[in-house]
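> my questions are about this predicted structure, shown below with the sequence.
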Amino acid sequence: MGKIRLGLIGLSQRGFGLLKAVIVPEENRRDNVEVVMVCDLYEDRATEAADYLEKIGEKRPIVTLNHHDVITSPDVDAVIIMTSWESHIPLAIESMENGKYTAMEVGGAYSVEDCFKLVDAYERTGIHCMMLENCCYGRNELMVLNMVRQGLFGDIVHCAGGYLHDLRSEIAHGVENRHYRLRNYKNRNCENYPTHELGPIAKVLDINRGNRMVSLVSVASCAKGLHEYIDKTEEVDKNLLNVEFAQGDIVTTIIKCAHGQTITLTLDTTLPRYYCRGFTVRGTKGMYEEANGTVLLDPEHDEMNWKEHWGCAENYREEWEHPIWKNFLNDGVRGGHGGMDWLVFSAFFESIERGIAPPIDTYDTAAWMSITPLSEQSIAMGGAPVAIPDFTRGAWCDRKFEASWEYDV
């Protein structure tokens, strides 16, 4: 095929940032894509995107405030959805039903039924929806995945991770920034952003490809952090002090898998803290822990002198760097978030060019997104266990990992 003609829906800070750094950067541009339509609810955002493309010498795309124009256009091959969380699945389904290759930014779902509707849309149309989970392409995550698949950690027993990110300023300025997180933190109490940590873990544990998540329990702390921040920060709207935020400051979710492994997810976004994703893998022969950059392999480690091992993961790069990153380093790392944005978009574009399923397919997307409404149910019931549906309808038992193309994870 010729160039992939893209329609972009949602051009807020994240969407516009991806356009400039990853989709059509001013330098080191991709030669296989062109943006033909841009859409946002706010005209200034859509116009800014069109102005940028015209400024760097690209053909000015059509600007619209109506997503239907993009999804139904015969001039659009693929739709990239970078809107607020609640619109991801409805827009994706409409895009798939109109025959467009479809990708969407990360975020949790609002109901399990919506996740099944997404799967139904794929099974009806044959067109996958790929979640653009960039953390699946993190350098550390991929090195550890390679080590797991080469057997260095033995049988994997437990994994953990979190979205550990101080977002108080972003949430508190939600009105003036026209950002959707504020309304979610007012009204929902859940693991609202599970996929940064769950995506890489799902690859480690072969979720939907010989294994699956079967149940979870989730509990939330009280909500104190935002009120403290709003009270002490001068430029924040003090009317927010009258809001009783629903979202707990820290949410802990424990998932049980079909083959016995456990996963712990932590959401920690409204208290002071440093950024970390807490990616942790524990196996019968060793472990990896992101927080201190440590790999420990039996019988190398000395349990009582563990601080000596901090940062030792760097020592394993030469031998265990994932092939995706070996190639990326050789070609030149580019794009946002240390390069992983570039890689996840490259995977989407390559799946289109080759006419194959993306490495994060609709079943993955639905399963990972379902953790949000399921955690909401469990929290509402005081941490009661909740079953996680099988979105593959039994196919997980023999769906296999296929390392058959450049960006496959």
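Arrived safely.
> my read: P61 touches V36, true?
Yes. Between P61 and V36 there is a contact at 5.3 Å, judged by Cβ atoms under 8 Å. C-betas here are computed from N, CA, C, even on glycine.
> from the contact counts, what lies against the top helix by length along the chain?
Counting residues, the longest helix in the chain under DSSP state H turns out to be helix 362-380. Packing partners of helix 362-380 (3 or more Cβ pairs under 8 Å, 6 or more residues apart in numbering; DSSP states H and E): helix 112-125, strand 129-131, helix 195-204, strand 213-220, strand 250-257, strand 386-387.
> what's the closest of those to E26?
Closest of these to E26 is strand 129-131, at 25.5 Å (criterion: Cβ to Cβ).
> can you list contacts of the closest one?
With Cβ atoms under 8 Å, 6 or more residues apart in numbering as the test, strand 129-131 has contacts from 92, 95-96, 102-106, 118, 121-122, 195, 199, 347-348, 351, 358-362, 364-365, 368-369.
> and the next helix or strand past that strand?
helix 139-149 (DSSP states H and E).
> list the buried residues of that next one.
R139, N140, E141, L142, M143, V144, L145, N146, M147, V148 (16 or more other Cβ atoms under 10 Å).
> for G199, see how far away the third one is.
Right, the one you point to is E141. Distance, E141 to G199, by Cβ to Cβ, to the nearest Å: 8 Å.
> angle of the longest helix of the chain against helix 195-204?
120 degrees (axes from the mean of the first three to the mean of the last three Cα atoms, to 10 degrees).
> how about helix 362-380 as CSV, C-alpha atoms only?
Extracted C-alpha coordinates of helix 362-380, given in CSV (Å, rounded to 0.1, in the frame of the first residue of the first chain):
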residue,chain,number,x,y,z
THR,A,362,-8.5,-6.3,20.8
TYR,A,363,-8.6,-9.2,23.3
ASP,A,364,-5.7,-7.6,25.2
THR,A,365,-7.2,-4.2,25.0
ALA,A,366,-10.5,-5.4,26.4
ALA,A,367,-9.0,-7.5,29.2
TRP,A,368,-6.6,-4.7,30.4
MET,A,369,-9.3,-2.0,30.3
SER,A,370,-11.8,-4.2,32.2
ILE,A,371,-9.7,-4.0,35.3
THR,A,372,-11.0,-0.4,35.9
PRO,A,373,-14.8,-1.3,36.2
LEU,A,374,-14.0,-4.6,38.0
SER,A,375,-11.9,-2.8,40.6
GLU,A,376,-14.7,-0.2,41.0
GLN,A,377,-17.1,-3.1,41.8
SER,A,378,-14.6,-4.7,44.3
ILE,A,379,-13.9,-1.4,46.1
ALA,A,380,-17.6,-0.6,46.4
